[in-house]
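[1] Just need the structure, nothing else, for what follows:
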Amino acid sequence: MTHIILGLFLIALGIWGLFDEWHYVMDISKGLLPLIMTAMGVLSLALFFVGPQNLKKEK
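    Here you go, the predicted model:
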């Protein structure tokens, strides 16, 4: 029960922080967005070269 209460409290605190400090949230997302997009691109290329048929062969 304590985990549920703590989880709900942290969710509420996080949502409040998003609305209260919106300009800081946007600064972080502007900085992280290119890094996340680059990581997703590298991951998608790696999965393209590995392919699902190669993953099944290893098992």
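[2] Put the alpha carbons of the helix or strand encompassing residue 5 into CSV.
    In the assignment (DSSP states H and E), residue 5 maps to helix 2-20. Extracted as CSV, the C-alpha positions of helix 2-20 are listed here (Å, rounded to 0.1, in the frame of the first residue of the first chain):
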residue,chain,number,x,y,z
THR,A,2,2.9,2.3,0.8
HIS,A,3,4.3,1.9,-2.8
ILE,A,4,1.0,2.9,-4.3
ILE,A,5,0.7,6.0,-2.2
LEU,A,6,4.3,7.0,-2.9
GLY,A,7,3.8,6.3,-6.6
LEU,A,8,0.7,8.5,-6.8
PHE,A,9,2.4,11.2,-4.8
LEU,A,10,5.4,11.2,-7.1
ILE,A,11,3.2,11.2,-10.2
ALA,A,12,1.3,14.2,-8.9
LEU,A,13,4.5,16.0,-7.9
GLY,A,14,6.0,15.3,-11.4
ILE,A,15,2.9,16.7,-13.2
TRP,A,16,2.9,19.7,-11.0
GLY,A,17,6.6,20.3,-11.8
LEU,A,18,5.9,20.0,-15.5
PHE,A,19,3.3,22.8,-15.3
ASP,A,20,5.1,24.9,-12.8
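[3] Can you tell me the element the spatially most central residue of the chain falls in?
    Geometric centre of the chain, nearest residue: residue 36, 8.1 Å, by CA atoms, centre = their mean. Per DSSP H and E, residue 36 falls inside helix 22-58.
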